[in-house]
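Undergrad: no sequence for this one, just the structure:
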């Protein structure tokens, strides 16, 4: 005689725990509540944020329980338990009526109904149709039977009446072999208006759990040194990606896996080309430090990035990949000059303006064929008094009139100044300065009027950005920075 109560098969539970790590407690609880001979419940609520494994684990448990059968006696008179299920996704249903129609169709398909399926326009017709379908199925089964109806994302159903979840929770009272399983993101209190409903929480994965899950699968491509070095390098790479990008912007499993898959081929490109070796990892990390500072990989895109062969990639083709994302192509000509002038005004002391930007000094530099802005004696005296480069110091506040004077001085030296007209007394400069402030490239200091010549500003861009912008307008910023 078979036992009236028995827990789910331990081998199947262990198999599920190995397929879905870090979810053993949730798997055992849900399998016990869904098993025919364990502790079946009429209503179950599974809740958790996105990408926590609710839908996939629920479907896997139902598949295992549906194929599990109790061993029969030698004479074959012992019945076996039957469990079938149907999953209805609210994301695929346009209205509440569409949800009811999909529910009836999914149940009819699960019980292999041969006859015609009636229309379902309201909850009363849903009860009638489900009773007719499940009663014929239980009559054909020889033994205990249970049907599990899963509503995935019912809290996000469009055009659904507010009484839909409580009404669905009452179906188990009318149809005994029916279990309703709700998959929700964040259930509100008293959602079903029904006491004693078991809740199973799927919490978000922590950093060790994320690293453990993603480390189970080998990335592509592999390192030339073999799978062992690939696993060690990939594990440390995942930790660096989480700390730099995914910790604050993509903490769920799906986004973390997407970011890691996008960055891995770029990360090991120096190893595939033979420039570096996988060990030590710190050298490989420093060579790709700019990749962990770029958050553009976090923005979803339907167009995949072009893949390049590391053996055929040349140094001349590397700057073209990020050309469209630089300020050089986004800012107008005069705005770029204003940004350069702001940088020079922030990092050059006012006492050097006469030496750097007066026309007599410019003419002497042209006769000498260019060169640095300061003479040797000035550099020598400056190096004795201060040994720290100004590019390493923070930006200082400057007066607007001083920055405009520097702007007119470097405009004459730029390659695109001819043919652009005179900007003296034009309101376009004030508009360009206001635009730079709105873009947070310039920061206002103090409460002075923006149109006042004594208004103070501070530049908010670094040396690398200003140097690239200067080269786009024909200005070598190195020649204008006082040492």
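TA: Noted; the coordinates are in hand. If you're wondering where the values come from, they're calculated on a predicted model, not measured in any experiment.

Undergrad: mind listing the helices for the stretch 201-350 of the chain?
TA: For the stretch 201-350 of the chain, applying DSSP state H, counting those that start in this stretch gives helices covering 207-214, 227-241, 247-249, 253-267, 269-272, 281-287, 289-293, 327-330, 333-347.

Undergrad: those: which one's closest to residue 175?
TA: Closest approach to residue 175 among the helices of the stretch 201-350 of the chain (Cβ to Cβ): helix 253-267, 35.6 Å. For every residue, glycine as well, the C-beta is placed using N, CA and C.

Undergrad: hang on, residue 82 packs against residue 141?
TA: Yes: here residue 82 lies in contact with residue 141, judged by Cβ atoms under 8 Å, at a distance of 4.8 Å.

Undergrad: who has more neighbours, the two?
TA: Higher neighbour count among residue 82 and residue 141: residue 82, with 20 against 16, using other Cβ atoms under 10 Å.

Undergrad: so where's this structure shaky on pLDDT?
TA: Along the chain, the parts satisfying pLDDT under 70 run over 1-4, 69-81, 142-143, 250, 300-326, 359-391, 416-427, 450-451, 453, 483.

Undergrad: ranking the helices of the stretch 201-350 of the chain by burial, who's on top?
TA: Of these, the one with the most neighbours on average (mean count of other Cβ atoms under 10 Å) is helix 333-347, at a mean of 24.

Undergrad: in this protein, spot the helix with the most residues.
TA: Scanning the chain for the longest helix, with DSSP state H as the assignment, gives helix 123-140.

Undergrad: show me which residues of it are buried.
TA: Within helix 123-140, the residues scored as buried using 16 or more other Cβ atoms under 10 Å are 123, 126, 127, 129, 130, 132, 133, 134, 137, 138.

Undergrad: I'd like those written out as a markdown table, with distance to residue 55 added.
TA: Below are the buried residues of helix 123-140 laid out as a markdown table (distance: Cβ to Cβ, whole Å):
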| residue | distance to residue 55 |
| --- | --- |
| 123 | 24 |
| 126 | 23 |
| 127 | 26 |
| 129 | 25 |
| 130 | 22 |
| 132 | 28 |
| 133 | 24 |
| 134 | 23 |
| 137 | 25 |
| 138 | 27 |
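
Undergrad: nearest residue to residue 16 other than its sequence neighbours?
TA: In space, and not counting its chain neighbours, residue 16 is closest to residue 27: 5.1 Å by Cβ to Cβ, 6 or more residues apart in numbering.

Undergrad: right, and the one you found touches residue 54 too?
TA: No: taking contacts as Cβ under 8 Å, residue 27 lies outside contact range of residue 54: 11.7 Å.

Undergrad: which other helices and strands does whichever strand or helix holds residue 407 contact?
TA: Per DSSP states H and E: residue 407 is located in helix 400-411. Judged by 3 or more Cβ pairs under 8 Å, 6 or more residues apart in numbering; DSSP states H and E, the packing partners of helix 400-411 are helix 333-347, helix 353-357, helix 428-438, strand 456-459.

Undergrad: residue 221: which of the ones you listed is closest?
TA: Among the helices and strands packed on helix 400-411, the nearest to residue 221 by Cβ to Cβ is helix 333-347 (40.1 Å).

Undergrad: for the closest one, what is the distance to the chain centroid?
TA: Its chain's C-alpha centre and that of helix 333-347 lie 34 Å apart, by Cα atoms, centre = their mean, to the nearest Å.

Undergrad: what angle sits between that helix and helix 428-438?
TA: In terms of direction (axes from the mean of the first three to the mean of the last three Cα atoms, to 10 degrees), helix 333-347 departs from helix 428-438 by 70 degrees.

Undergrad: residue 53: what's it in contact with?
TA: Counting by Cβ atoms under 8 Å, 6 or more residues apart in numbering, residue 53 makes contact with 20, 23, 26, 202, 253.

Undergrad: oh, that last question was meant for residue 444, not what I typed.
TA: Taking Cβ under 8 Å, 6+ apart, we find residue 444 in contact with 437, 450, 455, 456, 457.

Undergrad: could you rerun that using 10 Å?
TA: Applying Cβ atoms under 10 Å, 6 or more residues apart in numbering to residue 444 gives the contacts 397, 400, 433, 437, 450, 455, 456, 457, 458.

Undergrad: repeat for residue 244
TA: Going by Cβ under 10 Å, 6+ apart, residue 244 touches 259, 263, 289, 291, 292, 293, 294, 295.

Undergrad: out of those residues, what pair is the most spread apart?
TA: Greatest spatial distance in the contacts of residue 244: 259 and 289, 16.2 Å, computed using Cβ to Cβ.

Undergrad: ok, residue 150 - how many residues close by?
TA: Residue 150 has 22 neighbouring residues, counting by other Cβ under 10 Å.

Undergrad: who's it bridged to?
TA: Note on residue 150: beta-bridge partners residue 87, residue 181, judged by DSSP bridges.

Undergrad: quick check: it touching residue 178?
TA: No: using Cβ atoms under 10 Å as the test, residue 150 is too far from residue 178 to be in contact (11.7 Å).

Undergrad: how much space separates residue 187 from residue 117?
TA: Distance of residue 187 to residue 117, given as Cβ to Cβ, to the nearest Å: 31 Å.

Undergrad: quick one, what contacts the nearest residue to residue 239 once chain neighbours are set aside?
TA: Once flanking residues are discounted, residue 239 sits nearest to residue 211: 6.3 Å by Cβ to Cβ, 6+ apart. Residues in contact with residue 211, defined by Cβ under 10 Å, 6+ apart, are 205, 234, 235, 236, 238, 239, 241, 242, 256.

Undergrad: sorry, back to before: need the overlap of contacts for residue 27 and residue 54.
TA: Contact criterion Cβ under 10 Å, 6+ apart; residues shared by residue 27 and residue 54: residue 200.

Undergrad: which residues touch the longest helix of the chain?
TA: Here helix 123-140 has contacts from 82, 84, 96, 99-101, 103-105, 107-108, 110-115, 117-120, 144-147, 149, 161, 163-164, 167-168, 170-171, 174-178, using Cβ under 10 Å, 6+ apart.
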